[in-house]
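**Q** One predicted model, sequence on top.
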Amino acid sequence: MPAMNLLVVGGGKFVGRAVAEEAIARGHRVTLFNRGRTTLEVPAGVEWIRGDRDGDLGALGGRSWDAVIDTCAYFPRQVDGLLRALGGRSGHYLLVSSISVYADLTRAAIDEGSPLLARIDGASETVTPETYGPFKVMCEEAARGGKVAATLIVRPGIIVGPNDPTGRFSYWVRRVAAGGEVLAPGRPDAPIQVIDARDLGGWMVERSEARTSGTFNAIGPREPLTWGGLMETATEALGSRATFTWVGDDFPAGQNADDWSQLPLYLPSGHPKFRAMFRINGDAAFASGLRLRALGETVLDTARWLAGPRSQGAKTVGLSIEREAQLLSLWKASSGRGQG
């Protein structure tokens, strides 16, 4: 197809960077718009406009793009402000939202038509676990109300891979690579869903090319994945000799070790709010052309990134080696349940 003139709002790292690199590879002209606070380097061939979507949008005035991919909207006024600044001079607007918009993450097989969280009109602009989802709902409403020929809402699940600033998936890659006895939370048959940022970025560029509208859950992999499957894949990809001690759901909670800062991505099977978070239906996105690389490739590429200079500054989360050893010792002392 003819080269597209694409504006990526955000774009300095992770998802935005993946979008920019894929678009350049496909022959498009790419412009990044961001504050420059987290941009380590601008991909070759990309124009960078420095500005702040919270008021400093003047640099976008008078310019037009064939498509816009917005990776960093947290509040509806940010969407409104961006679309006003563009003044209808874009044929396609893609908003990266989140599966956190859904009202009931305890029900399996949530699809794009499932009920959403209620608005929180009048709330202060403080992003917390309680406000993040409602704010994203309101961002979606603002996007659909904009003067754009076609609007696409993308709701990703957990995004992983190289350049991940959150440290969540990276913790498990790093830990499995180190080998030894790994404390594995919950049950090996518990579900988990992750999507590589590069696969998400490539698919979003394709949907922008096609001027696709509507709403899609963007999750992975296509076939059901379990925690045990993830650990096995990581072990094989990294050539690790790690072994796993599955401690069930009750033990981490009993040791105050059941939050994402200590055991990233772990959700107890009986979690009162999020027990079906890793059972989201992504059929519509797959039918539209979403393609995912092998999970082992994501694991290996993440390990290579962690070993290189570009991972400096990424958040480090998870158990320390000392805390993990302490928990394993306590687990074995508590009647030896589930060892091995």
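**A** Done, it's in. Residues are numbered from 1 along each chain as shown.
**Q** Look up phi and psi at Trp260.
**A** phi -70, psi -20 (degrees, to the nearest 10).
**Q** give me the number of residues near it?
**A** Applying other CB atoms under 10 Å, we find 15 other residues in the vicinity of Trp260. No exception for glycine: its C-beta is placed from N, CA and C like everyone else's.
**Q** Then Glu181?
**A** 13.
**Q** what's near enough to touch it?
**A** 242-245, 328 (CB atoms under 8 Å, 6 or more residues apart in numbering).
**Q** Quick check: which ranges of the stretch 1-150 of the chain have low pLDDT?
**A** Along the stretch 1-150 of the chain, the model assigns pLDDT under 70 to residues 1, 11, 37-41, 123.
**Q** Could you do the stretch 201-340 of the chain as well?
**A** Counting by pLDDT under 70, the stretch 201-340 of the chain has low-confidence residues at 335-340.
**Q** how about the strands in it?
**A** For the stretch 201-340 of the chain, applying DSSP state E, counting those that start in this stretch gives strands covering 214-218, 243-246.
**Q** partner strands of the longest one, parallel or antiparallel?
**A** As defined by DSSP bridges, the strand partners of strand 214-218 come to strand 150-156 (parallel).
**Q** Show me the strands paired with the very next helix or strand once past the strand it pairs with, marking each as parallel or antiparallel.
**A** Where DSSP states H and E defines the elements, the next helix or strand beyond strand 150-156 is strand 158-160. Strand 158-160 pairs in its sheet with strand 194-196 (parallel), by DSSP bridges.
**Q** for this structure, what spans make up the helices?
**A** Ranges of helices within the chain are 14-25, 76-86, 132-144, 168-178, 197-209, 227-238, 250-254, 283-287, 295-306, 321-333, based on DSSP state H.
**Q** how about those in JSON lines, adding mean neighbour count?
**A** Formatted as JSON lines, those follow (neighbours: other CB atoms under 10 Å):
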{"stretch": "helix 14-25", "mean neighbour count": "24"}
{"stretch": "helix 76-86", "mean neighbour count": "19"}
{"stretch": "helix 132-144", "mean neighbour count": "21"}
{"stretch": "helix 168-178", "mean neighbour count": "21"}
{"stretch": "helix 197-209", "mean neighbour count": "24"}
{"stretch": "helix 227-238", "mean neighbour count": "19"}
{"stretch": "helix 250-254", "mean neighbour count": "17"}
{"stretch": "helix 283-287", "mean neighbour count": "16"}
{"stretch": "helix 295-306", "mean neighbour count": "19"}
{"stretch": "helix 321-333", "mean neighbour count": "14"}
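**Q** between those helices, which gets nearest to Ser97?
**A** helix 132-144 (4.9 Å; CB to CB).
**Q** doesn't Trp48 make contact with Val30?
**A** No. No contact is recorded between Val30 and Trp48 when judged using CB atoms under 8 Å, the distance being 9.7 Å.
**Q** More neighbours: which of the two?
**A** Neighbours were tallied for Val30 and for Trp48 using other CB under 10 Å; the higher tally belongs to Val30 (26 against 17).
**Q** picking that back up, okay, the strands of the stretch 201-340 of the chain, which one's buried deepest?
**A** Comparing the strands of the stretch 201-340 of the chain on average neighbours per residue, with mean count of other CB atoms under 10 Å, the densest one is strand 214-218 at a mean of 22.
**Q** which other residues reach that strand?
**A** Where contact means CB under 8 Å, 6+ apart, the residues beyond strand 214-218 that reach it are 99, 110-112, 140, 152-157, 195, 200, 203, 207, 280-282, 284-285, 288, 290.
**Q** Nearest spatial neighbour of Leu221, chain-adjacent residues omitted?
**A** Careful, residue 221 is Pro and not Leu. With CB to CB, 6 or more residues apart in numbering as the measure, Leu292 is the residue that lies nearest to Pro221, at 5.5 Å, once sequence neighbours are left out.
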